[in-house]
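A.B. asks: curious how this folds, go ahead:
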Amino acid sequence: MEEPHRGIRGIHTASTITVCQAYAPEIGVTAVRDGRFPSPWLRDRMTWIKPSFLWMMYRSNWGTSAGQETVLAVEIARAGFDWALRHACLSSYVRGLHPDRGTWQRELKRAPARVQWDPERDLNLRPLPHRSLQLGLSGEASSRYADEWTVSISDVTPLAREIRTLVNRGDLDSATRLLPQEQRYPAGDELLDHLRP
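C.D. replies: Residues are numbered from 1 along each chain as shown. Just a heads-up that it's a prediction; the model follows:
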């Protein structure tokens with residue numbers, strides 16, 4: 001099946017979707033241990049969640065970038081994820097999608113979530129032609145994410161390291177077999193029409 005130019009791929013069930021984030025150990029390790037984000041995790045800051053494992057590997061350089069040494073798989077309620085999409089605004093102005101720049105700026109200021117479409121990545125972290133969703137949560141959405149939507153938090157740092165080692169050895173077949181089995185997320189037009197240029 002051909003990839004849409006802009007789409008959401010991730011691990012999902014009938015009731016949850018798993019998103020990736022990377023944090024310093026003092027946040028990440030504590031979040032895994034307690035099953036919730038600790039007090040140093042600030043609810044008033046924008047937090048970006050990414051359904052794509054490989055995009056998170058690109059962003060965190062396989063969990064080696066400073067402050068991103070612990071890679072988390074956060075399982076959240078699909079109802080919450082869908083709510084965030086419905087209430088999101090694109091992070092940049094698009095002529096034809098928004099009536100004008102001023103309207104977009106007002107929408108962005110009010111929206112508790114924002115969307116960026118960034119190039120998906122391959123195992124060598126090179127950009128692919130299709131784009132993946134990055135979902136930024138702030139205010140009400142950030143609080144709901146931490147306090148209501150989160151079902152479980154897992155540490156996938158060892159998996160990231162194992163896959164990276166295989167990639168560095170040139171064993172892409174073995175690395176591919178270890179990747180999370182992401183599938184297209186069934187987000188209908190009513191969730192995405194206002195977010196797809």
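A.B. asks: report pLDDT for the residue positioned nearest the centre of the chain.
C.D. replies: In the chain, the centroid-proximal residue (CA atoms, centre = their mean) is residue 50; its distance is 0.8 Å. For residue 50, the pLDDT comes out at 97.
A.B. asks: got the contact list for it?
C.D. replies: 19-21, 56, 59, 132-135 (CB atoms under 8 Å, 6 or more residues apart in numbering). The way it works is simple: take the backbone N, C-alpha and C, and place the C-beta from them, glycine included.
A.B. asks: same question, residue 124
C.D. replies: The contact partners of residue 124, taken as CB under 8 Å, 6+ apart, are residue 167.
A.B. asks: three-state assignment of it?
C.D. replies: Here residue 124 takes the coil state, with states given by DSSP: H, G, I helix; E, B strand; the rest coil.
A.B. asks: quick one: it from residue 59, how far?
C.D. replies: Going from residue 124 to residue 59 by CB to CB, to the nearest Å gives 15 Å.
A.B. asks: what is the least confident helix or strand in the protein?
C.D. replies: helix 189-192 (a mean of 86; mean pLDDT, DSSP states H and E).
A.B. asks: what comes up buried for that helix?
C.D. replies: 191-192 (16 or more other CB atoms under 10 Å).
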